[in-house]
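# return a 3D structure for these sequence lines:
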Amino acid sequence: MSDVVVRSSRGTGGVLAATCISTLVVNANTSAVSILLPAISEDTGMSLDTLQWAVTGYSLVGAAVIITSGSLGDVFGRKRIFQLGLLLFVASCVMIALAGSGEMVIAGRLVQGASGATILACGLSLLSVATTGDANLRAVSLWGAAAAVGAAAGPLLGGVLVDVTGWQGLFWIDAGVAALCVLLTYVTVSESRDPHAPRSIDYAGTVLIAMTLMPLILGVSKSGDWGWFSTETIVCFGIAIVAGFGFVAVERRVAAPLLDLGLLRNRILVGATIAILIGAGTINALMYLLSLYFQDPASLGFSPLEAGLATLPATAGLVLVAPMVPRLAKKFGGRQVIGVGFVMTTAGFVAIGLADASWVYATFLLPLVAIAMGMGLSNGPSSSAATAAVPAEQVGEASGVSNMARYVGAAVATALAATVYGSVTANQRADGASDSEALASGLAAASWVMVVFSALGILLALVAIRRFRAAQGTVQDAAASAAAHLHTLPTTAASAPAPPRDRSRVDPPGGASP
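Presented below is the predicted three-dimensional model:
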């Protein structure tokens with residue numbers, strides 16, 4: 001598929017700088033927000049239970065928008081839509097920084113979810129069409145590294161800024177950097193679009209995705225107050241089910257569907273996508289819970305900076321182990337590495353599920369490292385499998401599906417973990433437990449929910465994710481693995497020619513030949 005590019009004498013340095021800086025800022029902002037929530041709660045008077053929508057709402061909107069924004073870029077111009085995403089990001093940062101209420105913070109984060117997904121989707125597309133060959137591999141690798149560094153640095157940066165500037169400082173700085181990226185993009189980046197892309201955009205699918213996720217997460221979040229079998233909760237789940245069926249019906253009929261339902265017949269892709277959803281969901285839920293638990297005066301009583309430092313082993317460990325994963329997958333097999341990763345993650349959550357009020361930070365350290373290393377081991381091969389399991393012309397679609405799954409997993413798992421944490425803590429207090437005991441019980445209960453999800457990942461590795469082409473273990477593959485908990489980047493496995501077919505067996509329906 002060829003692209004129309006408005007050529008000029010501009011080099012590739014500008015597009016590389018604009019896209020890498022913007023993805024670093026977006027991911028740093030996203031990972032820092034959980035650290036800021038206690039300070040935002042204190043300033044606005046909104047409870048932490050409600051403020052969790054600043055985290056889950058971001059992911060919810062991102063899930064609905066990430067594929068649509070890429071389609072808009074293909075049709076109307078990637079530079080134009082990328083700049084629109086940056087401008088929305090600036091506006092959302094200013095809106096949050098000036099917020100006088102928790103409601104305005106949440107509204108700003110919803111806008112930020114749309115802008116962040118747009119920046120990531122169109123930024124990577126701009127980078128892909130601006131470079132070719134080895135230069136493209138280097139550029140995409142740098143983009144992935146920038147995403148990983150941003151996610152790792154976010155909690156620490158947020159903790160520093162809360163003490164120095166107040167929680168608003170992060171958003172003012174991010175607004176300024178994003179505004180500079182708008183100017184840099186205008187001056188240095190060439191416009192491009194896909195002349196063969198269908199002119200119709202699946203707006204209905206985007207709305208129905210949101211209508212499916214919003215009531216689902218609302219029902220999960222409020223179930224502790226309403227009751228799981230209350231009329232309100234059942235209505236929310238009913239709306240989500242109806243909207244989900246409506247989404248499937250729409251996708252079967254539109255010319256350019258948000259999701260090609262035919263991809264769901266590919267067992268490897270589906271298994272890998274669910275594994276990605278589980279990985280993204282559990283790591284986001286973990287960071288959310290620990291950010292609150294570490295800062296609560298009744299537990300560890302950390303400052304925001306101390307909490308940022310305390311969560312650093314999780315993000316740093318994930319990023320450090322990820323570059324080694326492609327070679328491990330090539331040597332031992334992707335399914336085996338995914339399975340071992342989920343075993344480590346499950347063990348880590350089991351350990352945190354045993355938490356009690358006497359635990360000090362050092363007690364959390366080993367489980368945190370185990371979860372981080374497990375995530376690093378499972379994320380990379382899962383992303384590689386998602387793009388390696390489909391023909392070359394469907395790699396972009398498979399990547400889009402897995403990226404949507406990340407947002408869905410983050411939204412649903414965080415909402416569920418927050419609900420369990422809050423409900424168990426409140427029940428324990430009502431039964432006479434001390435604040436520290438109640439908080440530890442809430443954290444332990446939420447961790448056991450994550451144990452169930454992680455154990456499902458082990459089952460997926462054994463049953464659903466069969467053999468797939470292994471990546472070659474290049475620098476590109478290492479960068480893709482490091483960024484895999486944030487975004488799916490095609491690896492060398494996706495572009496490798498299919499090996500000779502073994503005609504002595506029959507492939508599973510939709511499955512790729514190993």
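# alpha carbons only for contacts and neighbour counts from here, please
Will do.
# then stretch 58-66 to CSV, C-alphas only?
The C-alpha coordinates for stretch 58-66 follow below in CSV (Å, rounded to 0.1, in the frame of the first residue of the first chain):
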residue,chain,number,x,y,z
TYR,A,58,-8.0,7.8,30.5
SER,A,59,-7.6,4.2,29.4
LEU,A,60,-11.3,3.9,28.5
VAL,A,61,-11.2,6.8,26.0
GLY,A,62,-7.8,5.6,24.7
ALA,A,63,-9.3,2.2,23.9
ALA,A,64,-12.1,3.8,21.9
VAL,A,65,-9.9,6.2,20.0
ILE,A,66,-6.5,4.6,19.3
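# give me the contact list for that stretch.
109-114, 116-118, 121, 206-207, 209-210, 213-214, 400, 403-408, 410-411 (CA atoms under 8 Å, 6 or more residues apart in numbering).
# mind redoing it with 6 Å?
Residues outside stretch 58-66 that contact it (CA atoms under 6 Å, 6 or more residues apart in numbering): 109-110, 113-114, 117-118, 206, 209-210, 404, 407-408, 411.
# restricted to helices, list those.
109-110, 113-114, 117-118, 206, 209-210, 404, 407-408, 411 (DSSP state H).
# out of these, which comes closest to residue 255?
residue 206 (14.3 Å; CA to CA).
# so how far is residue 60 from that closest one?
Distance check for residue 206 against residue 60: by CA to CA, to the nearest Å, it reads 11 Å.
# so the residue positioned nearest the centre of the chain versus residue 383, what's the distance?
With distances taken as CA atoms, centre = their mean, residue 406 lies nearest the centre of the chain, 4.2 Å away. Applying CA to CA, the value for residue 406 to residue 383 is 11 Å.
# related to what we said a few turns ago, surely the residue nearest to the centre of the chain touches residue 277?
Yes. Because the distance of 5.0 Å satisfies CA atoms under 6 Å, residue 406 is recorded as touching residue 277.
# possible to save the ones in helices among the contacts of stretch 58-66 as JSON lines with distance to residue 178 and neighbour count?
What follows is the ones in helices among the contacts of stretch 58-66, written out as JSON lines (distance: CA to CA, whole Å; neighbours: other CA atoms under 10 Å):
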{"residue": "109", "distance to residue 178": "16", "neighbour count": "28"}
{"residue": "110", "distance to residue 178": "17", "neighbour count": "23"}
{"residue": "113", "distance to residue 178": "15", "neighbour count": "30"}
{"residue": "114", "distance to residue 178": "15", "neighbour count": "24"}
{"residue": "117", "distance to residue 178": "14", "neighbour count": "30"}
{"residue": "118", "distance to residue 178": "13", "neighbour count": "30"}
{"residue": "206", "distance to residue 178": "25", "neighbour count": "20"}
{"residue": "209", "distance to residue 178": "28", "neighbour count": "24"}
{"residue": "210", "distance to residue 178": "26", "neighbour count": "20"}
{"residue": "404", "distance to residue 178": "23", "neighbour count": "26"}
{"residue": "407", "distance to residue 178": "22", "neighbour count": "29"}
{"residue": "408", "distance to residue 178": "25", "neighbour count": "25"}
{"residue": "411", "distance to residue 178": "25", "neighbour count": "29"}
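# give the contact list for residue 477.
Residue 477 touches residue 491, counting by CA under 6 Å, 6+ apart.
# number of nearby residues for the nearest residue in space to residue 420 that is not next to it in sequence?
Excluding the flanking residues, the one nearest residue 420 by CA to CA, 6 or more residues apart in numbering is residue 446, at 5.5 Å. A total of 28 residues lie near residue 446 under the criterion other CA atoms under 10 Å.
# so residue 446 makes contact with residue 415?
No. Residue 446 is not in contact with residue 415 according to CA under 6 Å; the separation is 10.7 Å.
# and of the contacts of stretch 58-66, the nearest to residue 322?
Nearest member of the contacts of stretch 58-66 to residue 322, counting by CA to CA, is residue 407, at 20.2 Å.
# show me where the stretch 301-450 of the chain has its helices.
Ranges of helices within the stretch 301-450 of the chain are 304-321, 325-332, 334-352, 361-388, 395-430, 435-463, based on DSSP state H, counting those that start in this stretch.
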